[in-house]
Each structure stands twice: as C-alpha cells, then as structure tokens.
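Student: Could you look at this predicted model? Sequence included:
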Amino acid sequence: MSSSRSRPQDGRMTLTTPTLQTARLRLRPFADTDADALFTMHSSAHVMRYWDSPRWEERARADRFLAVCRRIADEGTGARVAVDRASDGAFVGWCALSSWNPEYRSASLGYCLDEAMWGHGFATEAAHAMLRWAFDTLDLNRVQAETDTRNVASARVLEKVGFVREGTLREDCVVDGEVSDSWVFGLLRREWRPSATPIPSR
C-alpha cells in the first residue's frame, strides 16, 4: 500500500492518490487507457439508474472524467481511484474520497461498479479499503455518503462497512425530469472498525 501527505509552500495539506491492495482487488490512480471501460460503465442505463446525473452518451465524457481525476490529484483535494480485479486485471469500477476538509476532518465517499461486477462483494471490499486508507492517512473524524433511497444494494454496502443512516434529503435530485430522494449516511471515527474486513498489504 502506498500513500502520503505533504504540505506545499502555501501551507495547505495535500494528499497523493493511493495504490491499495485487498484480497481480491487493486485500487490505483486512473490512466488514460481506462477511458473505454469508464464509458461502457457510465453509458449503461441500468448502472446509472439511481445516479445523480444522466448516463453518458458521448465518449468525450470519459475524457472529461479522467481530466477531473488528474485535477483532483494535482490539487490534492481528494482521491478517485480505479478498481481492478487482482486475479486478471479486469476493470471493476471506481471508488472516491471527495470534499476533503482538513479543518473539519471530514470527507465524502462515493463508488460506481460495472454491472458485471455486481453481487460479488467488490463494492464493500473497495469501500472498506478506501475508508481504511482515509482514516489512517487523513485522521478523519467523519465520512459521509449519499445514495438514492431506491438503491437498496448501495445502502447495504454502506451499512456493511459501518455507516449509519442519518436522514433523508427529500427530492434531492432531478435527473431527466425524474425527482428522487436521497439517504444520508455517516461514519464516525469512533464507530470505524478497521479489522472488520482484514485487508492484506502488498
């Protein structure tokens, strides 16, 4: 596992996008070669059914996504990583820590998996790895996550890694004219159980 924090000349703490290894997955910085897999995943209406934005219809969206990944890495304001299956290198999806606030010691967790990778526990494994890195590296006190109230599978993933459902944002999203509510989940440092799913280091 590799990760680091640094303090640039302006005094603002930044972080380096990590590479993490779990029993079955490898989480790593994105590369330009991930564009096709990203577009395939995000252009799926089923994958994006409960997302807070429409499915992608243009290949250029993948390039813009990767540009944002590079910007986040350059700014050191969060970390968005690709997730591969360790056994064969197949693209699983991505996981991200965003909205990092060093003063409040808080951040937000997000993830998206290719449909072919659903039902294998990969989302739980990737989220746990990202949380373990975040709590260890950034000394966070709180991580927040949100999901569409109809997305029961995603809510279950969050609960498996320790999140507590804290409330509902009513009519939080409007995507293609469809209004939906979101659940807000929170995980506090004192509730975090890093040993719940052992993650071997590389």
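Tutor: Here it is on my side, so go on. The structure displayed is predicted, hence computed values, not measured ones.
Student: Show me the contact partners of stretch 29-41.
Tutor: If you take CB atoms under 8 Å, 6 or more residues apart in numbering as the criterion, stretch 29-41 is touched by 17, 19, 47, 56, 59, 61-63, 65-66, 69-70, 73, 80-82, 91, 93-94, 112-115. In this view, the C-beta of every residue, glycine as well, is placed from N, C-alpha and C.
Student: what about the strands in the protein?
Tutor: 2-6, 14-21, 25-29, 79-85, 91-101, 106-113, 142-148, 164-175, 178-188 (DSSP state E).
Student: most packed of these?
Tutor: strand 79-85 (a mean of 23; mean count of other CB atoms under 10 Å).
Student: Can you list the strands that it pairs with?
Tutor: Paired with strand 79-85 in the same sheet, following DSSP bridges, are strand 25-29 (antiparallel), strand 91-101 (antiparallel).
Student: Grab the CA positions of it and hand them over as PDB.
Tutor: C-alpha atoms of strand 79-85 as PDB (Å, rounded to 0.1, in the frame of the first residue of the first chain):
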ATOM      1  CA  ALA A  79      -8.700  10.800  -4.300                       C
ATOM      2  CA  ARG A  80     -10.500   9.000  -7.100                       C
ATOM      3  CA  VAL A  81      -9.100   5.600  -7.900                       C
ATOM      4  CA  ALA A  82      -9.800   2.800 -10.500                       C
ATOM      5  CA  VAL A  83     -10.600  -0.600  -9.100                       C
ATOM      6  CA  ASP A  84      -9.300  -3.700 -10.900                       C
ATOM      7  CA  ARG A  85      -9.800  -7.400 -10.100                       C
END
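Student: Pass me the low-pLDDT residue ranges in the chain, would you?
Tutor: For the chain, the stretches flagged by pLDDT under 70 are 1-14, 196-202.
Student: I'd like the strands paired with strand 79-85 laid out as a markdown table, including distance to residue 130.
Tutor: Output for those, formatted as a markdown table (distance: least, CB to CB, whole Å):
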| stretch | distance to residue 130 |
| --- | --- |
| strand 25-29 | 7 |
| strand 91-101 | 5 |
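Student: so which of these comes closest to residue 137?
Tutor: Closest to residue 137 of the strands paired with strand 79-85, according to CB to CB: strand 91-101, at 9.6 Å.
Student: So what angle separates the directions of that closest one and strand 106-113?
Tutor: When axes from the mean of the first three to the mean of the last three CA atoms, to 10 degrees is applied, the directions of strand 91-101 and strand 106-113 differ by 170 degrees.
Student: got the contact list for strand 91-101?
Tutor: Under the criterion CB under 8 Å, 6+ apart, residues 15, 25, 27, 30, 34, 37-38, 41, 72, 77-85, 106-114, 117, 122-123, 126-127, 129-130, 134, 138, 143-144 lie in contact with strand 91-101.
Student: mind running it again at 7 Å?
Tutor: 25, 27, 34, 37, 41, 77-85, 107-114, 117, 122, 126-127, 130, 134, 138 (CB atoms under 7 Å, 6 or more residues apart in numbering).
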